[in-house]
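Engineer: prediction below, plus the sequence it came from.
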Amino acid sequence: MPMSHSRRRILTTLSLAGAAGLLRAPRSPAAEEVLETTSVRLLKGTPICAAPVYVAEELLRAEGFTDIQYVEKASGQATFDALSRGEIDFLSGFALQHLRGHDAGARMTVLAGVHAGCFELFAQHHIRGITELKGKSVGLRLSPPDLLTLMGGHVGLDPAKDIHWVTDPSVNPLALFVEGKIDAFLGFPPEPQELHARKAPVR
């Protein structure tokens, strides 16, 4: 008898589980509400960091947006000016850019972080940390110096005086780093991928 009772319980449980799979869960009232607007304008960008903005298109359509526009604007402060003027509704950018835009008077609200860690600092083997960049040469090509400036200031460096910035594209800072002619390189995609492929040291 105990064996039979156990079988009945198992069959009942399996039947209920199968029936549950056939039934659709009711939609939440919030999902059925009509949107106040079905149009949204997003900043069109070419960096790899803009990928979430394009992935969002289908998700926005699923939420009821029907008119999704990608607006092209000049980079830098111009994008925040466009946001303040109401020419775009959302933009995705580097956190320090948002701070600079806020300081410049841009009217905006920061909603969430989306950065997955695009920047990588590569350094020659004799450099073991940020503090050891004092008096050293750091190359930049696609990256702005803002992040490393903030990091250097956090550990007591004066990046304007303590770091020799190599930014001239005509000398190709990435190639100089690979050749060991400068001490460090702050990379932004696809530069980190290229340097990893070349087995460059990373910090």
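Structural biologist: Received, thanks. These figures come from a predicted structure and were not determined experimentally. Numbers count the residues shown, from 1 in each chain.
Engineer: for Leu43, helix, strand, or coil?
Structural biologist: Secondary structure state of Leu43, per DSSP: H, G, I helix; E, B strand; the rest coil, is strand.
Engineer: tally of neighbours for Pro190?
Structural biologist: 11 (other CB atoms under 10 Å). In this view, the C-beta of every residue, glycine as well, is placed from N, C-alpha and C.
Engineer: meant to ask about Ile68
Structural biologist: Ile68: 15 surrounding residues under other CB under 10 Å.
Engineer: ok, it touching Leu59?
Structural biologist: No. Between Ile68 and Leu59 there is no contact under CB atoms under 8 Å: 10.2 Å.
Engineer: what's the overlap in contacts for these two?
Structural biologist: Counting by CB atoms under 8 Å, 6 or more residues apart in numbering, Ile68 and Leu59 have no contacts in common.
Engineer: and this protein, what are its domains?
Structural biologist: For the chain, the domain assignment from automatic domain parsing gives the residue ranges 32-103, 120-197.
Engineer: quick one: closest of the ones you listed to Val114.
Structural biologist: Closest approach to Val114 among these is made by domain 32-103 (5.1 Å; CB to CB).
Engineer: for the protein, which spans come out with low pLDDT?
Structural biologist: 1-32, 46, 76, 115-116, 201-203 (pLDDT under 70).
Engineer: and the helices in it?
Structural biologist: 2-22, 29-32, 51-62, 77-84, 95-103, 146-154, 159-162, 173-178, 191-197 (DSSP state H).
Engineer: by contact count, what packs against the fourth one?
Structural biologist: Under the contact criterion of 3 or more CB pairs under 8 Å, 6 or more residues apart in numbering; DSSP states H and E, the helices and strands touching helix 77-84 comprise helix 95-103.
Engineer: may I see the buried residues of the helix it packs on?
Structural biologist: If you call a residue buried by 16 or more other CB atoms under 10 Å, then helix 95-103 has these buried ones: Gln97, His98, Arg100, Gly101.
Engineer: relative to Asp183, how far out is the third one?
Structural biologist: Arg100 is 27 Å from Asp183, where distance means CB to CB, to the nearest Å.
Engineer: likewise the last one?
Structural biologist: When CB to CB is applied, the distance between Gly101 and Asp183 equals 32 Å.
Engineer: you'd agree Leu121 is up against Glu191?
Structural biologist: No. Contact between Leu121 and Glu191 fails when scored by CB under 8 Å: they sit 11.2 Å apart.
Engineer: who's more crowded, the two?
Structural biologist: Taking other CB under 10 Å, Leu121 and Glu191 do not tie; Glu191 has more neighbours (24 against 19).
Engineer: that one reaches Leu174, doesn't it?
Structural biologist: Yes. Using CB under 8 Å, Glu191 is in contact with Leu174, at 6.0 Å.
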